[in-house]
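Enquirer: Got a sequence here, can you build the structure:
(2 chains)
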Number of protein chains: 2
Amino acid sequence: MLQRYFPILEWGRTYDRPALTSDLMAAVIVTIMLIPQSLAYAMLAGLPPVVGLYASILPLIAYALFGTSRTLAVGPVAVISLMTASAAGAVAAPGSVEYLEAAITLAALSGVMLAVLGLLRLGFLANLLSHPVISGFISASGILIATSQIKHILGVTAGGETWPEMLAALAGAMGNINLPTLAIGIPASLFLFWVRKGAKPALMKLGLGPRAAEMTAKAGPVLAVAVTILAVIAFGLEARGVSVVGAIPSGLPPFALPSTDLALIEVLWVPALLISIIGFVESVSVAQTLAAKRRQRIAPDQELIGLGASNIAAALSGGYPVTGGFARSVVNFDAGAQTPAAGAYTAVGIALASLFLTPLLFNLPNATLAATIIVAVLSLVDLKTPGRLWAYSKADFAAHAVTIAITLLAGVELGVIAGVAVGLLLYLWRASRPHAAIVGRVPGTEHFRNVERHQVLTLPHLLSIRIDESLTYLNARWLEEYVLEQVAERPPLRHVILMCSAVNAIDASGLESLEAINHRLADGGVKLHLSEVKGPVMDRLKRAHFLDDLSGKVFLSQNKAFGDLANDTGEAPDADDPMEARGLI
Amino acid sequence: MLQRYFPILEWGRTYDRPALTSDLMAAVIVTIMLIPQSLAYAMLAGLPPVVGLYASILPLIAYALFGTSRTLAVGPVAVISLMTASAAGAVAAPGSVEYLEAAITLAALSGVMLAVLGLLRLGFLANLLSHPVISGFISASGILIATSQIKHILGVTAGGETWPEMLAALAGAMGNINLPTLAIGIPASLFLFWVRKGAKPALMKLGLGPRAAEMTAKAGPVLAVAVTILAVIAFGLEARGVSVVGAIPSGLPPFALPSTDLALIEVLWVPALLISIIGFVESVSVAQTLAAKRRQRIAPDQELIGLGASNIAAALSGGYPVTGGFARSVVNFDAGAQTPAAGAYTAVGIALASLFLTPLLFNLPNATLAATIIVAVLSLVDLKTPGRLWAYSKADFAAHAVTIAITLLAGVELGVIAGVAVGLLLYLWRASRPHAAIVGRVPGTEHFRNVERHQVLTLPHLLSIRIDESLTYLNARWLEEYVLEQVAERPPLRHVILMCSAVNAIDASGLESLEAINHRLADGGVKLHLSEVKGPVMDRLKRAHFLDDLSGKVFLSQNKAFGDLANDTGEAPDADDPMEARGLI
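Expert: Numbers count the residues shown, from 1 in each chain, chains lettered A, B, ... in the order given. Presented below is the predicted three-dimensional model:
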């Protein structure tokens, strides 16, 4: 029990020197990768760079205590940073104390929500985000994020919340381009693009082994950071209009308390919920993928608790919302991380950086950070999915397209909500008209098949309907309409048999519909029968009055029902037919 | 095509003298019933009594043109009046011009929403209201309405929005009871209760036929109205504190235009949507019940258009939201209405009453109207349903109980929303963890059954999983977790067969999960196979890349899959086994 909530009790027990070595090795590589990332994502979130470092220390230790993935690397990520900027930007101006307070409060709310969802085992709510919606949201966010960073490459000021606004602002600012900034931003971007694909083969040509080459390539952003800092110093670029990070306070994160201002919480709870769910979905997908590679398991409900603890830790140490990042976790995995302890060691690395490295970052150009972000997020933009969805399912394509369009035109929050709403509406629409078939007997057999697809035997006074779905409130109205319509079309009808072989459950609304059908058919002189009712469904029906009121009978098999009722054309009463009485359960 | 949108073109063509006679007879009886009802429900809605009359003229004619039910009687109803009071009361004080304007705007919004839902064929959205939620909402509304009218019986002033508030206000006003009002209200209530059950047998004892007795009994409220008016005049009760209806302007409804104030619409659109859906559900249930009795059909999407037209007509003639009423429609049906023309004749009757009867109603005590309302709505309170639901399904009981509690404690709008939310959450929770079974071969047969329920043959290197549900985004995550967990528990595994006999559809998320399962199993050296994939599902899978990437094969039957893979324990490559190659579709 205790082990379930503290997975560290499980892996900690067998922790040994080889695991320690592997974890330390992975931690060094992830730390090197995380320093520029955390500064860049903080900038994307509209926060001081140091907040990105703070969000990369305590949250990692919290996840190491509560998380179930051995290799997930928690910290600031691009999409959540954008969502933070959008939510905090709605209540305060970037750079203000209120803005930072809003970001911290978002982390606190998100942490509490995740933990509560985990304790209540409500992780299934994340299912509402279908793959097409997530993929559309991530692509659109990637486009939004990349566009928002172009101003740093150009050295201009340009605002805008939505994509068209951003593009218009950029177009309007084209006259003010700062050439020294462009001279930093363009080469840095090109170099980082090249690093993603070209650095590994190049390093292997220089004689490094494949794994060493891959790990060294991950230090590419650090190289870009170092070179551009030196360039700013060497050519005095700050004086020539190149915007730099500036003074970052040295030291460990302060202890912070999130706001308890109810008015603020009322505004932020919806964005916090969306941040929680998007963050959980992103994180759990990565964790599952990596765990499966080593035939390990993660526990999704405990993951909610782990991410909740991370975000609460972020809030208490002046950070902002965090989650498990895709690229970083893959690096952690490839670098050989064996246990969540690797994350804790990364936290120590970032803490050391906060203590000693920050003065060196004074001259880091924002253009370099923007290049880091652009290169990272453009890989999120998925150009293949729309075509694949269009070919496979128009409904899924619609959900994908709506999510992309609303995210670009109306922002991240409405984008997610619209995607969920469209997906749910389409699902409910389909669930409200399930498949059913009029069936008849295949001659010479006991099988019953769809009359539209097979040559089967039917009788004019007897209608057999097979329902291929559980009877729930979503399709209860459809069931009534469908059965009554079929009956209205067949005046000589005396008996209707509902074949329930595919009915796994009947809820109270489904039961009411069956009762209504029974009464309405009886009013018209038609009897209702059921056949092949599953055991658990029958047990439940026995707890209601429906079986007592049923005008017809319940038959064990459709064949038995068809056989017994075949000769009962309604001319004579059938109550004294012993064959039918035996068919009744 | 034209006939679909104007059902009058169908029944009007065969309209003859017998139908005319029947319709006129029904119209007279419904008119007599509707006059006190429309005044009473307008009072319940917090509106001047004449608004109830206005809402009973043009809307009926609009429904006669566009509606598909032959016997539905449209007009003001109790629950919708309460919802109107709640929504209008949130923006203005009852009695003010703004309050009336809000009520008219609600009718306009509701009319447009209903018509749009009908034109877009979105009637399925009403499915979101499950039977337990509707029943809970109607019961709780009945309690709220009855409680809200007690003040008129006691002759006190008492406010309150929620049930506890109303009860507290009534308790506080107990010292101010007006005895003359009580002397009207109590006998009127008792008389009306008696009329519901006792009048018909009493009239039959006096020699009337059963049908004539029933119809005469429907005039009971009119008798109560007449007697109490005479009592007020005879004893000068108005001077002794009995509140009366007062002056009602004579004449036909004025032409009115709903507000186009966007701020007002922004506040009212959610209540208007709820009024639309509740009204539609109530109306369509009655219409279906009555149509089935005569083996007629109604068209739900056209009903939306009919009710939409009625509400737009209400808005344009100074009325408020209307729908098909249960009691009134049953009377119309029993009185022999043959076509929607009966509704148009009723409208003429009410118009005549508006022109000539209103001066007679000056001394009508509000206590009589309150008694009419209380007697009508208490029959809506359903005391049996909670027990039946508890016995049948705890989930449905939960939705029912939450709806009742929230409606009583927080009002009608939150009550409906909470009921829908709870129902949907429970549905999604169940949909996110469908039924699946590990299956094995029944010895000596080709059948495969659940290993937990039957003695079946399984093999350690081969796992067969039967999924009893379509693969959708709601259960995609579950599918991954379930399959990977089953595989993680069985280290010697080489093959997994997913038996898809109950899979009616696979959406894009389900497909992605299958792809993820395929890749993750392949990483662990396990092959994924499918068996018994349905034709339409297979057609769709062929439009994706999944089948090319599948590590295993697609078998026509589970038996074939089991047989072919039984000897492939993974020691030798199997690509050159001709038996398996043939199994591949």
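
Enquirer: For A:Ala158, what are phi and psi?
Expert: Reported as degrees, to the nearest 10, the phi and psi values for A:Ala158 are phi -150, psi 130.

Enquirer: residue contacts, it?
Expert: By CB atoms under 8 Å, 6 or more residues apart in numbering or on different chains, the residues touching A:Ala158 are A:Ile150, A:Lys151, A:Met166, A:Ala169, A:Leu170, A:Gly172, A:Ala173. C-beta here means a position set from N, CA and C on the backbone, and glycine is covered the same way.

Enquirer: for whichever residue of the stretch 301-450 of chain A sits closest to chain B, what are its contacts?
Expert: The minimum distance from the stretch 301-450 of chain A to chain B, using CB to the nearest CB, falls at A:Asp396 (3.7 Å). Going by CB under 8 Å, 6+ apart, A:Asp396 touches A:Ser130, A:His131, A:Pro132, A:Leu389, B:Asp507, B:Ala508, B:Ser509.

Enquirer: what about 7 Å?
Expert: Each residue near A:Asp396 by CB atoms under 7 Å, 6 or more residues apart in numbering or on different chains is listed here: A:Pro132, A:Leu389, B:Asp507, B:Ala508.

Enquirer: With distance to A:Pro258 and neighbour count added, can I get those residues in a markdown table?
Expert: Below are those laid out as a markdown table (distance: CB to CB, whole Å; neighbours: other CB atoms under 10 Å in any protein chain shown):
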| residue | distance to A:Pro258 | neighbour count |
| --- | --- | --- |
| A:Pro132 | 34 | 32 |
| A:Leu389 | 40 | 24 |
| B:Asp507 | 39 | 27 |
| B:Ala508 | 38 | 25 |
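
Enquirer: Reformat those as JSON lines; add distance to B:Ala88, secondary structure and pLDDT.
Expert: Formatted as JSON lines, the contacts of A:Asp396 follow (distance: CB to CB, whole Å; DSSP: H, G, I helix; E, B strand; the rest coil; pLDDT from 0 to 100):
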{"residue": "A:Pro132", "distance to B:Ala88": "41", "secondary structure": "helix", "pLDDT": "91"}
{"residue": "A:Leu389", "distance to B:Ala88": "45", "secondary structure": "helix", "pLDDT": "93"}
{"residue": "B:Asp507", "distance to B:Ala88": "43", "secondary structure": "coil", "pLDDT": "92"}
{"residue": "B:Ala508", "distance to B:Ala88": "45", "secondary structure": "helix", "pLDDT": "92"}
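
Enquirer: quick check, nearest of those residues to A:Val533?
Expert: Nearest to A:Val533 among the contacts of A:Asp396 is B:Asp507, at 28.8 Å by CB to CB.

Enquirer: Please verify my assumption that that closest one contacts B:Tyr473.
Expert: Yes - assessed by CB atoms under 7 Å, B:Asp507 is found in contact with B:Tyr473 at 5.9 Å.

Enquirer: what helices or strands is the helix or strand hosting A:Ala140 leaning on?
Expert: Using DSSP states H and E, A:Ala140 maps to helix A:131-154. Here helix A:131-154 touches helix A:78-89, helix A:163-172, helix A:179-205, helix A:366-378, helix A:394-410, helix A:412-431, helix B:508-523, going by 3 or more CB pairs under 7 Å, 6 or more residues apart in numbering or on different chains; DSSP states H and E.

Enquirer: export the ones you listed to a markdown table and tack on distance to A:Met1?
Expert: Putting the helices and strands packed on helix A:131-154 into a markdown table (distance: least, CB to CB, whole Å) gives the following:
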| stretch | distance to A:Met1 |
| --- | --- |
| helix A:78-89 | 32 |
| helix A:163-172 | 49 |
| helix A:179-205 | 45 |
| helix A:366-378 | 40 |
| helix A:394-410 | 40 |
| helix A:412-431 | 34 |
| helix B:508-523 | 29 |
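
Enquirer: for these, which one sits closest to B:Ala315?
Expert: helix A:412-431 (27.5 Å).

Enquirer: ok, then the element right after that closest one?
Expert: Using DSSP H and E, the helix or strand that follows helix A:412-431 in sequence is strand A:436-441.

Enquirer: before we move on, back to that, dump the contacts of A:Asp396 into a markdown table; add distance to A:Pro492 as well.
Expert: Output for those, formatted as a markdown table (distance: CB to CB, whole Å):
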| residue | distance to A:Pro492 |
| --- | --- |
| A:Pro132 | 48 |
| A:Leu389 | 48 |
| B:Asp507 | 41 |
| B:Ala508 | 45 |
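
Enquirer: Which of these sits closest to A:Ala376?
Expert: The nearest member of those to A:Ala376, counting by CB to CB, is A:Pro132 at 22.8 Å.

Enquirer: For A:Met83, see how far away the closest one is.
Expert: Using CB to CB, to the nearest Å, A:Pro132 is found at 19 Å from A:Met83.

Enquirer: How about A:Gly349?
Expert: 27 Å.

Enquirer: Give me the most central residue, chain A.
Expert: Nearest residue to the geometric centre of chain A (CA atoms, centre = their mean): A:Val281, 3.3 Å.

Enquirer: what about stretch A:380-400, start to end distance?
Expert: 15 Å (CA to CA, to the nearest Å).

Enquirer: Need the per-residue pLDDT for A:Ile585.
Expert: In this prediction, A:Ile585 carries a pLDDT score of 32.

Enquirer: so who does A:Thr68 touch?
Expert: Counting by CB under 7 Å, 6+ apart, A:Thr68 touches A:Pro7, A:Ile298, A:Ala299, A:Gln302, A:Glu303, A:Gly306.

Enquirer: quick one: it from A:Gly306, how far?
Expert: Distance of A:Thr68 to A:Gly306, computed by CB to CB: 7 Å.

Enquirer: got it, and A:Glu532?
Expert: 46 Å.

Enquirer: Could you check which of those two is surrounded by more residues?
Expert: A:Gly306 (31 against 21; other CB atoms under 10 Å in any protein chain shown).

Enquirer: If you count contacts, what does the strand or helix carrying the more buried one end up packed against?
Expert: Under the criterion of DSSP H and E, A:Gly306 resides in helix A:300-316. Helix A:300-316 sits against helix A:58-66, helix A:97-119, helix A:262-293, with contacts defined as 3+ CB pairs under 7 Å, 6+ apart.

Enquirer: change it to 10 Å
Expert: helix A:2-5, helix A:58-66, strand A:74-75, helix A:97-119, helix A:262-293, strand A:323-324, helix B:473-488 (3 or more CB pairs under 10 Å, 6 or more residues apart in numbering or on different chains; DSSP states H and E).

Enquirer: how about JSON lines for the ones you listed, with distance to A:Lys553 added?
Expert: Shown next, in JSON lines, are the helices and strands packed on helix A:300-316 (distance: least, CB to CB, whole Å):
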{"stretch": "helix A:2-5", "distance to A:Lys553": "50"}
{"stretch": "helix A:58-66", "distance to A:Lys553": "57"}
{"stretch": "strand A:74-75", "distance to A:Lys553": "61"}
{"stretch": "helix A:97-119", "distance to A:Lys553": "47"}
{"stretch": "helix A:262-293", "distance to A:Lys553": "49"}
{"stretch": "strand A:323-324", "distance to A:Lys553": "57"}
{"stretch": "helix B:473-488", "distance to A:Lys553": "35"}
